[in-house]
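Novice: Okay, predicted coordinates and the sequence, questions at the end:
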Amino acid sequence: MRTILLAWMAATILLCTPVLQAQCEPGLDCNSNGQLDECDLTQGLSADCNGNSIPDECDITANPLSDCNQNGLLDSCEPVGSALLPVQLFFLEF
């Protein structure tokens, strides 16, 4: 059992290290504002509503379909169905 646990821990470290290094890479500035993305997020200059440590504007630039209504918010972070709603809703009385 101990061998299996150690093997699992070693595999986790080996597989996750490249991902962690990419997220913490010095000089990563995906929105080209002259400031590290990590600083943008911690200072509140950029939003990260999906919690992936990448500014939302960079997520949208990388995948424009992630913001179908082009309002600058990731569709996955908006209330369900709001990406499909028009700007104004009209209520009909019967």
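Specialist: Cool, got the structure.

Novice: Determine the number of other residues adjacent to D40.
Specialist: 21 (other CB atoms under 10 Å). For the C-beta atoms, the positions are set from N, CA and C on the backbone; glycine is no exception.

Novice: Name all residues that make contact with G51.
Specialist: Residues near G51 by CB atoms under 8 Å, 6 or more residues apart in numbering: none.

Novice: same check, this time on N31
Specialist: D37, D40, S46, P55, E57, C58, T61.

Novice: With L41 instead?
Specialist: Counted by CB under 8 Å, 6+ apart, L41 has contacts D48, S53, P55.

Novice: and those as JSON lines, adding distance to N33 and neighbour count?
Specialist: Below are those laid out as JSON lines (distance: CB to CB, whole Å; neighbours: other CB atoms under 10 Å):
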{"residue": "D48", "distance to N33": "15", "neighbour count": "18"}
{"residue": "S53", "distance to N33": "16", "neighbour count": "13"}
{"residue": "P55", "distance to N33": "9", "neighbour count": "21"}
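
Novice: just to revisit the earlier point, quick one: buried ones out of the contacts of N31?
Specialist: Using 16 or more other CB atoms under 10 Å as the burial test, these include D37, D40, S46, P55, E57, C58 as buried.

Novice: For N69, state which of those residues is nearest.
Specialist: Taking CB to CB as the measure, N69 lies nearest E57 of the buried ones among the contacts of N31, at 15.3 Å.

Novice: Would you check that that closest one makes contact with C49?
Specialist: No. With contacts counted by CB atoms under 8 Å, E57 stays clear of C49, the gap being 11.2 Å.

Novice: list residues touching both of these two?
Specialist: Residues touching both E57 and C49 (CB under 8 Å, 6+ apart): there are none.

Novice: where are the low-confidence patches of this structure?
Specialist: In the predicted model, the chain carries pLDDT under 70 at residues 1-27, 81-94.
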